[in-house]
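A.B. asks: Kindly generate the corresponding structure for this input.
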Amino acid sequence: MLDPKFFELLEKDYGITFRDHNLVERAMTHSSYDNEHRDLNIGDYERLEFLGDAVLEINISEYLFTHFPELPEGKLTRLRSDIVRTDSFARFAKQIEIDKYLQIGRGEEKQGARQRHTLLEDIFEAFNGALYLDQGNDVVEKFLTQVVYPHIESGEFSEDTDFKTHLQEKLQQAGEVDINYQVIDEEGPDHDKKFEIELIVNKKVLSKGFGYSKKHAEQMAAKRALEEL
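C.D. replies: As a prediction, the model looks like this:
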């Protein structure tokens, strides 16, 4: 049975109260767990994943179409591909603690499936499929506004929100500058590292940035520097 703490987390942090708990439990259940608990008649996430994949694609596509009116079709497609890739969805899944509460069988647990990015991606899609069926698309859109869209707005995915390039252009207006990005700290296991980057301009620390990749941390350091200049 799905841990009630997951429902409490959804309500407290995201304002989501599922009417049909069985629906979200199915979305959070791997077939290995269902096979070990046939008497519970839960089912698994796979059909909901099919639906959730479509729900996420249309919502993210509409968001990009609306918020990036200057981008041509090719760049919109590349940007969307960057957002919906496996490691991105896996990170969003961890953000709402899917990795902590998903239900998997004992064998899969021993093999480390709980941290497998492909599984977390699938469950994140299934969760959104369940949310769509239970609450409707308006609630899905609100959820994505809380979980996914801030990453887009920060420039994490967009080559057209390239804070590093904007910063370089701004600094070079005053003449030649020496710009370096240096990793000063990293924490977490290999599959879930977080990086701290120092932005050094002419041998002086200008700002710091944090991110789940070096590229993202560098962008965040540049963004912070732009805000302070």
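A.B. asks: Please make it C-alpha for all contacts and neighbour counts, starting now.
C.D. replies: Fine.
A.B. asks: Quick one: the strands in the protein, in order.
C.D. replies: Along the chain, the segments classed as strands by DSSP state E run 179-187, 194-201, 204-211.
A.B. asks: quick one: strands adjacent to the second one?
C.D. replies: Looking at strand 194-201 with DSSP bridges, its partner strands are strand 179-187 (antiparallel), strand 204-211 (antiparallel).
A.B. asks: Any chance of JSON lines for those, columns distance to Phe68, mean pLDDT and mean neighbour count?
C.D. replies: As requested, those are exported to JSON lines (distance: least, C-alpha to C-alpha, whole Å; pLDDT from 0 to 100; neighbours: other C-alpha atoms under 10 Å):
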{"stretch": "strand 179-187", "distance to Phe68": "28", "mean pLDDT": "93", "mean neighbour count": "15"}
{"stretch": "strand 204-211", "distance to Phe68": "23", "mean pLDDT": "90", "mean neighbour count": "19"}
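A.B. asks: need these in CSV with distance to Lys5, can you?
C.D. replies: Below are the strands paired with strand 194-201 laid out as CSV (distance: least, C-alpha to C-alpha, whole Å):
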stretch, distance to Lys5
strand 179-187, 27
strand 204-211, 28
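A.B. asks: Out of the ones you listed, which is closest to Leu76?
C.D. replies: Shortest distance between Leu76 and those, using C-alpha to C-alpha, is found for strand 204-211: 23.1 Å.
A.B. asks: quick one on the thing from earlier: of the strands paired with strand 194-201, which is nearest Asn59?
C.D. replies: Nearest to Asn59 among the strands paired with strand 194-201 is strand 204-211 (24.7 Å), distances taken as C-alpha to C-alpha.
A.B. asks: So what touches the closest one?
C.D. replies: With C-alpha atoms under 8 Å, 6 or more residues apart in numbering as the contact definition, strand 204-211 has outside contacts at 194-200, 216-222, 224-225.
A.B. asks: can we see that at 6 Å?
C.D. replies: Contacting residues not belonging to strand 204-211 are listed as 194-200, 217, 220-221, 225 [C-alpha atoms under 6 Å, 6 or more residues apart in numbering].
A.B. asks: From Asp134, how far off is the closest residue in space to Ile16 that isn't next to it in sequence?
C.D. replies: The spatial neighbour of Ile16 that comes closest, neighbours along the chain excluded (C-alpha to C-alpha, 6 or more residues apart in numbering), is Leu10 at 5.3 Å. Leu10 sits 14 Å away from Asp134 when distances are taken as C-alpha to C-alpha, to the nearest Å.
A.B. asks: where along this structure do the helices fall?
C.D. replies: For the chain, the helices identified by DSSP state H occupy 4-14, 21-27, 31-36, 46-67, 73-83, 86-95, 98-101, 106-110, 117-135, 137-147, 149-153, 163-172, 214-228, in order along the chain.
A.B. asks: can you list the domains in this protein?
C.D. replies: In the assignment given by automatic domain parsing, the structural domains of the chain cover 4-153, 163-228.
A.B. asks: Can you flag the weakest of the ones you listed by average pLDDT?
C.D. replies: Comparing mean pLDDT across these, the weakest is domain 163-228, with a mean of 86.
A.B. asks: Between the two ends of it, how far is it?
C.D. replies: With C-alpha to C-alpha applied, domain 163-228 spans 13 Å between its terminal residues.
A.B. asks: Ok, stretch 91-107 next?
C.D. replies: Distance between the boundary residues of stretch 91-107 (C-alpha to C-alpha) amounts to 24 Å.
A.B. asks: Could I get the buried residue list for that stretch?
C.D. replies: Within stretch 91-107, the residues that qualify as buried by neighbour count (16 or more other C-alpha atoms under 10 Å) are 91-94, 96, 98-99, 101-105.
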